[in-house]
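In: Attaching a predicted model along with its sequence, questions to come.
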Amino acid sequence: MTERAIVLKVEGRTAVVGIQASEGCAHCSHGGDCSLAGARIDADLPEGFEGKPGDEVTLVLPSGVRAAGLLWLLVVPLALFAAGYAAGDAWAGSEAAAAGLGLAGLALGLGAAALAVRRGKAASRPRVLPL
């Protein structure tokens, strides 16, 4: 994913950038309800690039970050819900136990996703590149 942005503030090797509306925005189904246009995002500055407030830049999300986010925020919690539900059904044979263990698995999966988003591939911040 790449977006155009404007550097708002620079702190060390981190820049706070504001996302600009791009050419594709006119054709987007969200219209004026976009949560990305105008957003302020912390991004890493590459070595050798000294961004200054007001500079137009390209914001690049490292490859694989979206897939990692999908895996951790959807697939893992749903798989743990299904495993917990099946274990509860096999262990106790009641709908209440199955639902309870399924919800426990879902909560465990969401907790694991929160940790993964903070630490792993999904935690990668966007990079700022000069235009």
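Out: Perfect, I can see it now. Numbers count the residues shown, from 1 in each chain.
In: Longest strand in the protein, by number of residues?
Out: Scanning the chain for the strand with the most residues, using DSSP state E, yields strand 2-11.
In: counting contacts, what elements does it pack onto?
Out: Contact here means 3 or more CB pairs under 8 Å, 6 or more residues apart in numbering; DSSP states H and E; on that basis strand 2-11 packs against strand 14-19, strand 40-44, strand 56-60. From N, CA and C alone the C-beta is placed, and that goes for glycine too.
In: Just the C-alpha atoms of the worst-scoring helix or strand of the chain on mean pLDDT, please, in PDB.
Out: The weakest-scoring helix or strand in the chain, judged by mean pLDDT, DSSP states H and E, is helix 65-70 (a mean of 76). Extracted C-alpha coordinates of helix 65-70, given in PDB (Å, rounded to 0.1, in the frame of the first residue of the first chain):
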ATOM      1  CA  VAL A  65       1.800  -6.400   6.900                       C
ATOM      2  CA  ARG A  66      -1.800  -6.500   5.700                       C
ATOM      3  CA  ALA A  67      -1.700 -10.300   5.400                       C
ATOM      4  CA  ALA A  68      -0.200 -10.700   8.900                       C
ATOM      5  CA  GLY A  69      -2.900  -8.400  10.300                       C
ATOM      6  CA  LEU A  70      -5.600 -10.500   8.600                       C
END
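In: Any idea how far that helix is from the middle of the chain?
Out: Here helix 65-70 is found 7 Å from its chain centre; the criterion is CA atoms, centre = their mean, to the nearest Å.
In: in that helix, what's buried?
Out: Buried positions in helix 65-70, judged by neighbour count with 16 or more other CB atoms under 10 Å: 65, 68, 69.
In: how distant is the next helix-or-strand element following it from the center of its chain?
Out: As assigned by DSSP states H and E, the chain's next helix or strand after helix 65-70 is helix 76-92. With CA atoms, centre = their mean as the basis, helix 76-92 stands 26 Å off its chain's centre.
In: what's the answer for stretch 100-110, then?
Out: 21 Å.
In: which residues are in contact with that stretch?
Out: 76-85, 87-88, 91 (CB atoms under 8 Å, 6 or more residues apart in numbering).
In: The same query, at a cut-off of 6 Å, please.
Out: Here stretch 100-110 makes contact (CB atoms under 6 Å, 6 or more residues apart in numbering) with 76, 77, 80, 81, 83, 84, 85, 87, 88.
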